[in-house]
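> Test case, fold it:
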Amino acid sequence: MRRFELLGWLGSLLAGSIACQREPAKSPQDGPRTALVAQTCPEIALGADPIKASNARVFVEVVEMDDQNLPHPLGNWLAEHPVTVRSSANTVAFPNVPTSMPWGQCVNSVCGGRQRSLTLTAQVPERGTDPIELAVRIDDSAPDAPPGSAKVLLDTKLSSPSQQPVVLPVSPELSAGSVVVTAYLLRQLDDLHHVLECKAREVERVKQLQGAQAAPSPTASKP
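Below you'll find the model as predicted:
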């Protein structure tokens with residue numbers, strides 16, 4: 001039988017391989033990309049049953065996008081609108097355990113000698129319909145800076161139900177666009193598999209939406 005403890009190495013794997021690596025852009029492929037973000041995953045149950053904290057984890061998606069003029073309230077706007085993503089990170093957070101990873105993409109010589117890190121600390125709710133409490137911190141430091149000398153660009157706490165995105169406060173130091181955080185409550189190991197499958201489907205969904213936008217309308221093709 002599969003045990004939820006497997007998330008220990010799975011979480012480390014996700015943090016290391018999926019989290020955005022902070023490297024100078026070398027080609028168009030290394031630059032911004034078009035993607036769907038903060039998508040819901042229907043396979044994950046959102047019932048009001050009590051959560052078993054020892055089994056639960058939180059999958060967190062953090063995305064920096066070019067668009068600063070997102071609708072307010074955000075609603076379901078992101079569900080049908082691919083955006084230009086500059087940086088992204090995905091990880092599995094253990095309850096009340098800070099999880100850190102590199103953050104951001106350096107695109108010029110000004111930031112070339114700096115490093116940014118993203119730290120997430122999640123609290124599992126008592127029930128599936130309760131909000132997830134999430135602490136988000138982004139630091140900026142020199143590569144060989146001593147501990148405690150990093151500049152704090154963001155230190156905030158979020159509270160949102162599972163799968164509902166939150167737009168972080170606008171900060172010119174943090175981003176010229178918008179940063180959106182979405183937390184997904186994982187009751188059991190299968191929920192992580194469902195989330196990863198949903199993320200894989202988003203790629204095909206982007207292609208479908210872009211194809212629909214590029215196709216000429218019937219009226220436009222008539223003489």
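
> At which residues are the strands of this protein located?
Using DSSP state E, the strands of the chain run over 33-35, 57-65, 83-93, 99-102, 115-123, 132-141, 151-160, 166-167, 178-186.

> can you list the ones you listed in a markdown table and add mean neighbour count, mean pLDDT and distance to residue 211?
Quick note: C-beta positions are derived from backbone N, CA and C, even for glycine. Shown next, in a markdown table, are those (neighbours: other Cβ atoms under 10 Å; pLDDT from 0 to 100; distance: least, Cβ to Cβ, whole Å):
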| stretch | mean neighbour count | mean pLDDT | distance to residue 211 |
| --- | --- | --- | --- |
| strand 33-35 | 15 | 90 | 12 |
| strand 57-65 | 24 | 95 | 21 |
| strand 83-93 | 21 | 92 | 17 |
| strand 99-102 | 18 | 92 | 33 |
| strand 115-123 | 20 | 93 | 33 |
| strand 132-141 | 20 | 94 | 35 |
| strand 151-160 | 14 | 94 | 32 |
| strand 166-167 | 18 | 94 | 28 |
| strand 178-186 | 23 | 96 | 25 |
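
> Can you redo those strands as JSON lines, where the extra columns are distance to residue 193?
Putting the strands of the chain into JSON lines (distance: least, Cβ to Cβ, whole Å) gives the following:
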{"stretch": "strand 33-35", "distance to residue 193": "21"}
{"stretch": "strand 57-65", "distance to residue 193": "11"}
{"stretch": "strand 83-93", "distance to residue 193": "12"}
{"stretch": "strand 99-102", "distance to residue 193": "20"}
{"stretch": "strand 115-123", "distance to residue 193": "19"}
{"stretch": "strand 132-141", "distance to residue 193": "20"}
{"stretch": "strand 151-160", "distance to residue 193": "23"}
{"stretch": "strand 166-167", "distance to residue 193": "25"}
{"stretch": "strand 178-186", "distance to residue 193": "10"}
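
> Point out the one among those strands that comes closest to residue 73.
strand 166-167 (9.7 Å; Cβ to Cβ).

> List the neighbouring strands of that closest one plus their orientation.
Using DSSP bridges, the strands paired with strand 166-167 in its sheet are strand 178-186 (antiparallel).

> The strands of the chain: which one's closest to residue 201?
Checked against Cβ to Cβ, the stretch from the strands of the chain lying closest is strand 33-35, at 12.2 Å.

> Could you give the bridge partners of the spatially most central residue of the chain?
Against the mean C-alpha coordinate of the chain, by Cα atoms, centre = their mean, the closest residue is residue 61 at 1.9 Å. With DSSP bridges as the criterion, residue 61 is bridged to residue 90, residue 182.

> give me every residue that touches residue 154.
136, 137, 138, 168, 169, 171, 174 (Cβ atoms under 8 Å, 6 or more residues apart in numbering).

> follow-up on the earlier one: out of the strands of the chain, which is closest to residue 206?
Comparing the strands of the chain by Cβ to Cβ, strand 33-35 comes nearest, at 6.1 Å.
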